[in-house]
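>>> Got a predicted model here, sequence first, then my questions.
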Amino acid sequence: MLDCSSNAAAETEALAAAARTLAGGGLVVYPTETVYGLGADACNPQALERLAGVKGREPGKPISVLVADLQMLEELVRDVPPTAARLIRRFWPGPLTLILPARDTLSPVLTGDDGGIGVRWSSHATATALVQRLGRPVTTPSANPAGQPPPTTAAAARAYFATRVDYYLDGGLVRGEPASTVVDTRGAVTVIREGAIRRAAVLAAL
(Lines give C-alpha, C1' and ligand atoms only; values in the text may rest on other atoms or scores of the structure.)
Protein backbone atom coordinates (compact mmCIF):
# COMPACT_ATOMS: atom_id res chain seq x y z
CA MET A 1 0.00 0.00 0.00
CA LEU A 2 1.26 3.46 -0.89
CA ASP A 3 2.11 5.48 2.22
CA CYS A 4 1.62 9.21 1.65
CA SER A 5 1.79 10.18 5.32
CA SER A 6 5.38 11.43 5.15
CA ASN A 7 4.56 13.75 2.24
CA ALA A 8 1.50 15.06 4.05
CA ALA A 9 3.54 15.68 7.20
CA ALA A 10 6.19 17.55 5.23
CA GLU A 11 3.57 19.74 3.56
CA THR A 12 1.96 20.51 6.92
CA GLU A 13 5.31 21.48 8.44
CA ALA A 14 6.17 23.67 5.45
CA LEU A 15 2.85 25.48 5.82
CA ALA A 16 3.41 25.92 9.55
CA ALA A 17 6.92 27.27 8.92
CA ALA A 18 5.59 29.75 6.36
CA ALA A 19 2.93 30.97 8.80
CA ARG A 20 5.53 31.35 11.57
CA THR A 21 7.67 33.40 9.19
CA LEU A 22 4.77 35.74 8.45
CA ALA A 23 3.87 36.04 12.13
CA GLY A 24 7.46 37.04 12.86
CA GLY A 25 7.39 39.86 10.31
CA GLY A 26 9.05 37.93 7.48
CA LEU A 27 8.25 37.64 3.79
CA VAL A 28 6.99 34.43 2.18
CA VAL A 29 6.57 33.38 -1.45
CA TYR A 30 3.57 31.07 -1.87
CA PRO A 31 1.43 29.57 -4.67
CA THR A 32 -1.98 30.84 -5.77
CA GLU A 33 -4.37 29.66 -8.48
CA THR A 34 -2.70 32.02 -10.96
CA VAL A 35 0.93 32.94 -10.13
CA TYR A 36 3.14 32.87 -7.04
CA GLY A 37 2.42 35.65 -4.56
CA LEU A 38 4.67 37.63 -2.22
CA GLY A 39 3.25 37.47 1.27
CA ALA A 40 3.56 39.64 4.35
CA ASP A 41 1.32 39.98 7.38
CA ALA A 42 -1.07 42.71 6.23
CA CYS A 43 -1.34 43.94 9.84
CA ASN A 44 2.41 44.47 10.25
CA PRO A 45 3.48 47.94 9.01
CA GLN A 46 7.19 47.11 9.08
CA ALA A 47 6.68 43.96 7.03
CA LEU A 48 4.61 45.91 4.51
CA GLU A 49 7.32 48.54 4.11
CA ARG A 50 9.89 45.81 3.62
CA LEU A 51 7.72 44.09 1.00
CA ALA A 52 7.31 47.33 -0.94
CA GLY A 53 11.08 47.79 -0.97
CA VAL A 54 11.86 44.21 -2.00
CA LYS A 55 9.34 44.29 -4.82
CA GLY A 56 10.32 47.79 -5.97
CA ARG A 57 6.76 49.02 -5.53
CA GLU A 58 6.25 52.60 -6.67
CA PRO A 59 4.92 54.92 -3.92
CA GLY A 60 1.16 55.26 -3.82
CA LYS A 61 0.46 51.99 -5.65
CA PRO A 62 -1.79 49.78 -3.49
CA ILE A 63 -1.08 46.19 -2.45
CA SER A 64 -3.90 43.64 -2.49
CA VAL A 65 -4.48 41.01 0.19
CA LEU A 66 -5.95 37.54 0.62
CA VAL A 67 -8.60 36.64 3.18
CA ALA A 68 -9.73 33.19 4.27
CA ASP A 69 -13.36 33.96 5.08
CA LEU A 70 -15.95 36.73 5.04
CA GLN A 71 -15.36 37.68 8.67
CA MET A 72 -11.76 38.52 7.81
CA LEU A 73 -13.04 40.63 4.91
CA GLU A 74 -15.32 42.62 7.23
CA GLU A 75 -12.34 43.46 9.44
CA LEU A 76 -10.67 45.16 6.46
CA VAL A 77 -13.48 47.16 4.88
CA ARG A 78 -15.99 49.80 5.93
CA ASP A 79 -18.80 48.12 4.01
CA VAL A 80 -19.51 45.61 1.25
CA PRO A 81 -21.66 47.20 -1.49
CA PRO A 82 -24.51 45.03 -2.83
CA THR A 83 -22.73 44.69 -6.19
CA ALA A 84 -19.62 43.39 -4.42
CA ALA A 85 -21.74 40.92 -2.44
CA ARG A 86 -23.16 39.51 -5.67
CA LEU A 87 -19.68 39.09 -7.16
CA ILE A 88 -18.46 37.43 -3.97
CA ARG A 89 -21.30 34.90 -4.09
CA ARG A 90 -20.57 34.14 -7.74
CA PHE A 91 -16.76 34.09 -7.90
CA TRP A 92 -15.21 33.59 -4.44
CA PRO A 93 -13.09 31.65 -3.71
CA GLY A 94 -11.43 32.41 -7.04
CA PRO A 95 -9.26 34.76 -9.11
CA LEU A 96 -11.31 37.91 -8.54
CA THR A 97 -9.87 40.88 -6.63
CA LEU A 98 -12.48 43.36 -5.42
CA ILE A 99 -11.57 46.93 -4.51
CA LEU A 100 -13.62 47.95 -1.50
CA PRO A 101 -13.68 50.97 0.84
CA ALA A 102 -10.88 50.38 3.35
CA ARG A 103 -11.06 50.93 7.09
CA ASP A 104 -9.06 53.92 8.27
CA THR A 105 -6.89 51.66 10.44
CA LEU A 106 -5.21 50.00 7.46
CA SER A 107 -1.67 50.88 6.43
CA PRO A 108 -1.39 53.34 3.52
CA VAL A 109 1.05 50.87 1.98
CA LEU A 110 -1.99 48.65 1.38
CA THR A 111 -4.49 51.30 0.34
CA GLY A 112 -2.27 53.53 -1.80
CA ASP A 113 -3.58 56.96 -2.68
CA ASP A 114 -7.33 56.38 -3.00
CA GLY A 115 -8.49 54.76 0.23
CA GLY A 116 -9.51 51.42 -1.28
CA ILE A 117 -8.28 47.93 -0.48
CA GLY A 118 -8.02 45.10 -3.01
CA VAL A 119 -9.21 41.82 -1.50
CA ARG A 120 -9.42 38.26 -2.78
CA TRP A 121 -10.30 34.85 -1.36
CA SER A 122 -8.09 32.41 -3.23
CA SER A 123 -9.31 29.08 -4.57
CA HIS A 124 -5.81 27.63 -4.11
CA ALA A 125 -5.88 25.38 -1.05
CA THR A 126 -2.34 26.23 0.06
CA ALA A 127 -2.85 29.99 -0.20
CA THR A 128 -6.04 29.86 1.84
CA ALA A 129 -4.51 27.49 4.40
CA LEU A 130 -1.62 29.92 4.88
CA VAL A 131 -4.01 32.80 5.61
CA GLN A 132 -5.99 30.58 7.98
CA ARG A 133 -2.88 29.55 9.89
CA LEU A 134 -1.73 33.14 10.28
CA GLY A 135 -5.24 34.23 11.24
CA ARG A 136 -4.84 37.57 9.49
CA PRO A 137 -4.90 38.80 5.87
CA VAL A 138 -1.78 38.14 3.78
CA THR A 139 -0.55 40.36 0.97
CA THR A 140 -0.75 38.91 -2.52
CA PRO A 141 1.13 40.93 -5.14
CA SER A 142 2.85 38.69 -7.66
CA ALA A 143 6.28 37.50 -6.53
CA ASN A 144 8.38 39.39 -9.05
CA PRO A 145 10.23 42.70 -9.10
CA ALA A 146 8.38 45.50 -10.86
CA GLY A 147 8.62 45.02 -14.62
CA GLN A 148 9.53 41.31 -14.54
CA PRO A 149 7.25 38.36 -15.47
CA PRO A 150 5.26 36.85 -12.59
CA PRO A 151 6.67 33.46 -11.56
CA THR A 152 4.85 30.14 -11.93
CA THR A 153 7.30 28.20 -9.73
CA ALA A 154 8.93 28.83 -6.38
CA ALA A 155 12.33 28.43 -8.05
CA ALA A 156 11.59 31.29 -10.45
CA ALA A 157 10.63 33.52 -7.52
CA ARG A 158 13.80 32.50 -5.67
CA ALA A 159 15.84 33.53 -8.70
CA TYR A 160 14.37 37.02 -8.35
CA PHE A 161 14.67 37.52 -4.61
CA ALA A 162 17.11 34.94 -3.16
CA THR A 163 17.62 35.68 0.57
CA ARG A 164 15.61 38.93 0.50
CA VAL A 165 12.58 36.66 1.00
CA ASP A 166 12.63 34.60 4.18
CA TYR A 167 10.65 31.50 3.13
CA TYR A 168 9.62 29.88 -0.14
CA LEU A 169 6.52 27.69 0.11
CA ASP A 170 6.80 25.40 -2.89
CA GLY A 171 3.48 24.35 -4.37
CA GLY A 172 4.82 23.13 -7.68
CA LEU A 173 3.93 24.61 -11.05
CA VAL A 174 0.90 26.91 -11.04
CA ARG A 175 -1.22 27.94 -14.00
CA GLY A 176 0.31 31.35 -14.61
CA GLU A 177 -1.21 34.36 -16.26
CA PRO A 178 -3.76 35.76 -16.73
CA ALA A 179 -3.70 36.98 -13.15
CA SER A 180 -6.80 37.76 -11.13
CA THR A 181 -9.43 40.08 -12.53
CA VAL A 182 -9.61 43.36 -10.60
CA VAL A 183 -12.97 45.08 -10.13
CA ASP A 184 -13.64 48.36 -8.31
CA THR A 185 -17.05 48.10 -6.60
CA ARG A 186 -17.05 51.53 -4.91
CA GLY A 187 -19.89 53.14 -6.82
CA ALA A 188 -20.32 52.18 -10.45
CA VAL A 189 -18.65 48.81 -11.03
CA THR A 190 -15.45 49.19 -13.04
CA VAL A 191 -13.28 46.37 -14.36
CA ILE A 192 -9.78 47.71 -13.70
CA ARG A 193 -7.98 44.66 -15.06
CA GLU A 194 -9.48 41.82 -17.06
CA GLY A 195 -7.74 38.61 -16.06
CA ALA A 196 -8.72 35.02 -15.35
CA ILE A 197 -12.40 35.98 -15.13
CA ARG A 198 -13.68 37.69 -18.26
CA ARG A 199 -15.24 41.15 -18.14
CA ALA A 200 -18.47 39.78 -19.65
CA ALA A 201 -18.78 37.21 -16.86
CA VAL A 202 -18.32 39.89 -14.22
CA LEU A 203 -20.99 42.13 -15.73
CA ALA A 204 -23.39 39.22 -16.22
CA ALA A 205 -23.19 38.43 -12.48
CA LEU A 206 -24.35 41.90 -11.39
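Done, it's in. Residues are numbered from 1 along each chain as shown.

>>> CA atoms for contacts and neighbours, from now on please.
OK.

>>> quick one: contacts for E194?
180-182 (C-alpha atoms under 8 Å, 6 or more residues apart in numbering).

>>> Using JSON lines, lay out the residues you listed together with pLDDT and neighbour count.
Listed next are the contacts of E194 as JSON lines, based on pLDDT from 0 to 100; neighbours: other C-alpha atoms under 10 Å:
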{"residue": "S180", "pLDDT": "95", "neighbour count": "23"}
{"residue": "T181", "pLDDT": "97", "neighbour count": "21"}
{"residue": "V182", "pLDDT": "97", "neighbour count": "24"}
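
>>> Where strands are concerned, which of the residues you listed count?
Secondary structure of those is defined by DSSP state E; positions in strands are 181-182.

>>> distance between the longest helix along the chain and the chain's centre?
The helix that spans the most residues within the chain, counting by DSSP state H, is helix 5-23. When distances are taken as C-alpha atoms, centre = their mean, to the nearest Å, helix 5-23 is centred 19 Å away from the chain's centroid.

>>> what helices or strands is it leaning on?
Other elements packing on helix 5-23 under the criterion 3 or more C-alpha pairs under 8 Å, 6 or more residues apart in numbering; DSSP states H and E are strand 28-30, helix 125-134, strand 167-168.

>>> For the nearest residue to V54 once chain neighbours are set aside, give me the backbone phi and psi.
In space, not counting the residues next to it along the chain, V54 is nearest to R164; the distance is 6.9 Å by C-alpha to C-alpha, 6 or more residues apart in numbering. Dihedral angles phi and psi of R164 (degrees, to the nearest 10) take the values phi -70, psi -20.

>>> Could you report the neighbour count for R164?
Using other C-alpha atoms under 10 Å as the criterion, R164 is surrounded by 15 other residues.

>>> ok, now E58?
Residues within reach of E58, counting by other C-alpha under 10 Å, total 11.

>>> Now do the contacts for the residue most central in space within the chain.
Within the chain, one residue has its C-alpha closest to the average C-alpha position: by C-alpha atoms, centre = their mean, that is T140, at 2.5 Å. Remark: with contacts taken as C-alpha under 8 Å, 6+ apart, T140 is in contact with 37-39, 63-66.
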